[in-house]
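Student: predicted coordinates and the sequence they were generated for:
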Amino acid sequence: MISRRITSEIYDKKMKELKEEQYVITQKMEEYTQADENYHIIANTVFSLANRAQEIFERSEPNEKRQLLNLLLQNCRLSGKKLVFDVRSPFNTILETAH
């Protein structure tokens, strides 16, 4: 009958494998935490810009106004005398949520 005891060699090998796996998991957790923090910073910036868009637009120079419109709008076209456009993501989601 084969002995069912774990040798110190097997134990050390398994312990090394588990420590390496633990290190990889810890690294991934840190990456996800950093990504989550970055997401919140970006989301906060987008919401701040959306809330202040009119104020920023009114105080801007023509070139800055053009840049702001390019950031917010896409597919701008004239339909008769009316300007028709689509709002870019993620601003379209903010607009839809506000309504």
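Tutor: Sure, I can see it.

Student: quick one, phi psi at residue 60?
Tutor: Per-residue torsions, residue 60: phi -90, psi 160 (degrees, to the nearest 10).

Student: tell me the SS of the residue nearest the centre of the chain?
Tutor: Note on the chain: the residue nearest the mean C-alpha position is residue 39, at 4.1 Å, using Cα atoms, centre = their mean. Using DSSP: H, G, I helix; E, B strand; the rest coil, the structure places residue 39 in helix.

Student: cool, and residue 21?
Tutor: Quick answer, by three-state DSSP: residue 21 is helix.

Student: that one: how many residues sit nearby?
Tutor: When neighbours are counted by other Cβ atoms under 10 Å, residue 21 registers 10. C-beta coordinates here come from the backbone N, C-alpha and C atoms, glycine included.

Student: okay, it: pLDDT?
Tutor: The per-residue pLDDT reported for residue 21 equals 97.

Student: what's the spacing between it and residue 14?
Tutor: 11 Å (Cβ to Cβ, to the nearest Å).

Student: and if you look at residue 47?
Tutor: For residue 47 relative to residue 14 (Cβ to Cβ), the value is 49 Å.

Student: show me what the helix or strand harbouring residue 63 is packed against.
Tutor: Using DSSP states H and E, residue 63 sits in helix 62-72. In terms of contacts (3 or more Cβ pairs under 8 Å, 6 or more residues apart in numbering; DSSP states H and E), helix 62-72 is packed against helix 8-59.

Student: lowest average confidence, helix or strand, in the protein?
Tutor: Least confident helix or strand, the chain: helix 91-98 with a mean of 79, by mean pLDDT, DSSP states H and E.

Student: model confidence for residue 1, exactly?
Tutor: So, for residue 1, pLDDT stands at 49.

Student: circling back: ok, the residue nearest to the centre of the chain to residue 81 distance?
Tutor: If you go by Cβ to Cβ, the gap between residue 39 and residue 81 works out to 41 Å.
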